[in-house]
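Q: Build me a model from this:
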Amino acid sequence: MNFRKEGDHIKNFGHSGGLLDEVEGTVLGHRDGHGFVQRDDGEADIYLPPNEMRAVLHKDRVKARVVRLDRRGRPEGRVVEILERPEQPIIGRLLHEGGVWLVAPEDKRYGQDVLIPKGATGTAKVGQVVVVQLTEPPALFGQPVGRVKEVLGEIDDPGMEIEIAVRKYGVPHEFSEACLAEAKALPDKVRPADKKGRIDLTDIPLVTIDGEDARDFDDAVYCEPAKVGRGKGWRLLVAIADVSAYVQTGSAIDIDAYDRATSVYFPRRVIPMLPEKLSNGLCSLNPEVERLCMVCDMLVAADGEIYAYQFYPAVMWSHARFTYTEVAAILGNTRGPEAQKRKERVKDLLNLHDVYRALLGQRSKRGAVDFETTETQIICDEAGRIEKIVPRTRNEAHRLIEEAMLAANVCSADFIAEGKHPGLYRVHEGPTPEKKEILRGYLKAMGVGLSITDDPKPGEFQAIADATKERPDAQQIHTMLLRSMQQAIYTPINSGHFGLAYEAYTHFTSPIRRYPDLLVHRVIKAILGKTKYQLPMLPTPGEAHAKLAKRLASRVKSPNARPQKANVAPSKEVQAWEAAGLHCSANERRADEASRDVEAWLKCKYMREHLGEEYGGVVTAATTFGIFVTLDAMYVEGLVHITELGGEYFKFDEQRQELRGERTGIRYAIGTRVRVQVSRVDLDGRKIDFRLVREGEELGARAMKDKGAVPSGVPVKASAKRSARKKPEAVEQSERAPKSAMQAFKTAVKKAANKMKVKGRKTRR
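A: Just a heads-up that it's a prediction; the model follows:
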């Protein structure tokens, strides 16, 4: 929600870079007016001061020159040339100031308002959220000019946060006419001809187990005891919706699905990867209807080892639709009311629970990482307002399905590798050398008796988690363990899955909502049919792909590659699969960012109603400019700025990940319990500010102190609104110290002079 660390994407100034070097890169704006150039060569990002950002926009491709190191040691630069300005709509609110129409961008990384000529406002009214198309770029001494392209509505309209997010992050939210026409032409149910060449499993009591609010059902499961080798075990069937039977390679539906790459989940709304006729109808494993599926049929030994498996296309009939809550209740009490309603399925559920326990034992044996984290769920009313935020609890039923899906995914990866066919693996690599060093230093500083080796195994992380779970700072330690790991990606180069401790892993179980799973299904079918699957000529990957490609280029390498082959270029086929993997990985990130943005918006709107109220909370991050606190009751995170921590100098200890007061020695680290008051909410910046509440401080005094807080979203003059947003994220030591009466007077005079300057300006910059 808040920008966690002002320089968290700044790398060390590389020795290969130097002053006056001209480099190419992408401008990344910052909400406080400055920006950075993310260099194409992977060297340290170049800091751009606010005056340099006047002539460029967030996401511009530029050539920049490094001119100096600033006072914080960052390479500072000047923009020499704008190489490319991507076609990007700007979303914001239409304002009318001093006779001038302008749009204040909702994404503050754009840094400056867009002037709108009088005849270019269309049907938009003051205060409405609009989409703007630029007609004139910004310049050093002139603001960008644009025209209103689309009116989204009023800022408080239900679902406005989603309308903004899908455009802000470029999430495709409308299917093409060709795609919808193709979907409409599909049958409403499984036809006799569709069953040809498939195994009939309609008599097998497969069931779906999902959340209460699930609308599409990817997977169904069934388990029975079986002889495995010379011992006992289970036969476990995981049946997955056969999307590839209806979505043909290179078809209109396929192109739209590839463009989206994933379904995007928001509170109260889903933007699906596939048209509704497929996602909620023909492909969804709804109860008591025939459906086409791909089956992973496994024999699992008593110790949880997968003894054998096979894949085949089938036709199935879901015998029941269970919820996680219902299954957990049945497993907890086989004589309870839930079990009485489902008598005929109780034995099958117990078999599933038995195989789950065996698979879980194997997971522990492998040393897979298994940290318990708290995920939250936003509950909204009909108008789209948050009613409450609750923890998303994982019960035995969640874990049961998770282990069954993991088993099927491992088998699919093994099947593709054994078939020597290119495909997309889900790769999760171990920590980078830099992250390993940070983690080692942290564990040592915290007095943890265990550490990690130069080539760590996931079991080492799990051992540290297990050894520290009873410590009062366990949450802090586990958070640092998680932060040291990398993000998983899709790639045809199998480097294994570090966190799950698998040599090969892929995604097979969710083709309704993930495009990589659909590709995996097609590859499995090709291997079964002894043919070769060819990727279609898909649309050129977009900006998200390009950004991720640069970030991953240096670290996604083939394991055990021989030095003499290091310079051999990959084949065109492998390059195509790499492009598909990067596209899917990048759009997965895009979906996550859009979802987080919407959640942050909703939380800000929710907390506007609680300004001035006090809550207990726990520190979830410490930075150079303050601490982030998550409230106990609401699971909302906000910033306590360093200026609110008291009248002394606080120093950030990177090894311990804490702020420590030099005079008092007071420490704020991950896991520290505090009491805070909600002091400010900035809806535009997605920021919530807290202040610490100290014992003995009178409630009346606190309320008076925060009386001036103006919740974002209330109609106010844009100039006042902008000045309210300009709270710095880092302050000099002199500003943190208590001021004398003369210093306070000088500061007041300075502020008054600045206000006069603002009033004298007609437009910003």
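
Q: what's the average pLDDT for the longest helix anywhere in the chain?
A: Secondary structure of the chain read by DSSP state H shows that its longest helix is helix 572-608. Across helix 572-608, pLDDT averages out at 92.

Q: quick one: buried residues of that helix?
A: 576-591, 594-595, 597-608 (16 or more other Cβ atoms under 10 Å). Placement of C-beta: from N, CA and C, glycine included.

Q: repeat for stretch 310-321
A: Applying 16+ other Cβ under 10 Å to stretch 310-321 flags 311-321 as buried.

Q: got a markdown table for these, with distance to residue 666, pLDDT and secondary structure too?
A: Shown next, in a markdown table, are those (distance: Cβ to Cβ, whole Å; pLDDT from 0 to 100; DSSP: H, G, I helix; E, B strand; the rest coil):
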| residue | distance to residue 666 | pLDDT | secondary structure |
| --- | --- | --- | --- |
| 311 | 60 | 98 | strand |
| 312 | 64 | 97 | strand |
| 313 | 64 | 98 | strand |
| 314 | 64 | 97 | strand |
| 315 | 66 | 98 | strand |
| 316 | 61 | 97 | strand |
| 317 | 64 | 97 | strand |
| 318 | 58 | 96 | strand |
| 319 | 61 | 96 | coil |
| 320 | 57 | 95 | strand |
| 321 | 54 | 96 | strand |
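
Q: For these, give me JSON lines that also has distance to residue 429.
A: Formatted as JSON lines, the buried residues of stretch 310-321 follow (distance: Cβ to Cβ, whole Å):
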{"residue": "311", "distance to residue 429": "27"}
{"residue": "312", "distance to residue 429": "33"}
{"residue": "313", "distance to residue 429": "33"}
{"residue": "314", "distance to residue 429": "35"}
{"residue": "315", "distance to residue 429": "39"}
{"residue": "316", "distance to residue 429": "36"}
{"residue": "317", "distance to residue 429": "41"}
{"residue": "318", "distance to residue 429": "37"}
{"residue": "319", "distance to residue 429": "41"}
{"residue": "320", "distance to residue 429": "40"}
{"residue": "321", "distance to residue 429": "38"}
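
Q: just curious, which of the residues you listed is nearest to residue 467?
A: residue 311 (40.2 Å; Cβ to Cβ).

Q: Grab the nearest non-local neighbour of the closest one.
A: residue 524 (5.3 Å; Cβ to Cβ, 6 or more residues apart in numbering).

Q: For the one helix or strand that neighbour maps to, which helices and strands make contact with it?
A: Using DSSP states H and E, residue 524 sits within helix 515-528. Counting contacts by 3 or more Cβ pairs under 8 Å, 6 or more residues apart in numbering; DSSP states H and E, helix 515-528 is packed against helix 252-260, strand 290-301, strand 306-317, helix 396-418, helix 572-608.

Q: Could you rerun that using 7 Å?
A: Helices and strands touching helix 515-528, by 3 or more Cβ pairs under 7 Å, 6 or more residues apart in numbering; DSSP states H and E, are helix 252-260, helix 396-418, helix 572-608.

Q: what are the pairing partners of the helix or strand following the first one, and which direction each?
A: On the C-terminal side of helix 252-260, the nearest following helix or strand under DSSP H and E is strand 264-266. Under the criterion DSSP bridges, strand 264-266 sits next to strand 269-271 (antiparallel) in its sheet.

Q: next SSE after the partner strand?
A: helix 276.

Q: Now tell me what touches that following helix from outside.
A: Residues outside helix 276 that contact it (Cβ atoms under 7 Å, 6 or more residues apart in numbering): none.

Q: for that helix, the distance to its chain's centre please.
A: Helix 276 sits 24 Å away from the centroid of its parent chain (Cα atoms, centre = their mean, to the nearest Å).

Q: same question, stretch 399-418
A: 23 Å.

Q: Neighbouring strands - and their directions - for the helix or strand where residue 62 lies?
A: Using DSSP H and E, residue 62 sits within strand 61-69. Using DSSP bridges, strand 61-69 pairs in its sheet with strand 22-29 (antiparallel), strand 75-84 (antiparallel).

Q: Can you say which of the ones you listed is nearest to residue 97?
A: strand 22-29 (22.0 Å).

Q: Tell me which residues of the closest one come out buried.
A: 23-29.

Q: Stretch 161-176 too?
A: For stretch 161-176, by 16+ other Cβ under 10 Å, it's 161-172, 175.

Q: Residue 478 versus residue 446, what's the distance?
A: Separation of residue 446 from residue 478 (Cβ to Cβ, to the nearest Å) stands at 12 Å.

Q: and the end-to-end length of stretch 415-424?
A: End-to-end distance for stretch 415-424: 12 Å, by Cα to Cα, to the nearest Å.

Q: List the buried residues in that stretch.
A: Buried-residue list, stretch 415-424, by 16+ other Cβ under 10 Å: 415-416, 422-424.

Q: ok, now stretch 377-396?
A: Buried residues in stretch 377-396 (16+ other Cβ under 10 Å): 378, 380, 384, 386, 389.

Q: if I read this right, the first one contacts residue 386, doesn't it?
A: Yes: taking Cβ atoms under 7 Å as the definition, residue 378 is a contact partner of residue 386 at 5.7 Å.

Q: Spit out the residues that contact those two alike.
A: residue 602.

Q: and residue 244, how many residues sit next to it?
A: 24 (other Cβ atoms under 10 Å).

Q: Actually, residue 154.
A: Residue 154, neighbours per other Cβ under 10 Å, totals 12.

Q: same check, this time on residue 212
A: Neighbour number of residue 212 under other Cβ under 10 Å is 8.

Q: Give me the phi and psi for it.
A: phi -60, psi -30 (degrees, to the nearest 10).

Q: and the nearest residue to it once chain neighbours are set aside, what are its bridge partners?
A: Among residues not flanking residue 212 along the chain, residue 323 sits closest, at 5.1 Å (Cβ to Cβ, 6+ apart). Beta-bridge pairing of residue 323 under DSSP bridges involves residue 210.
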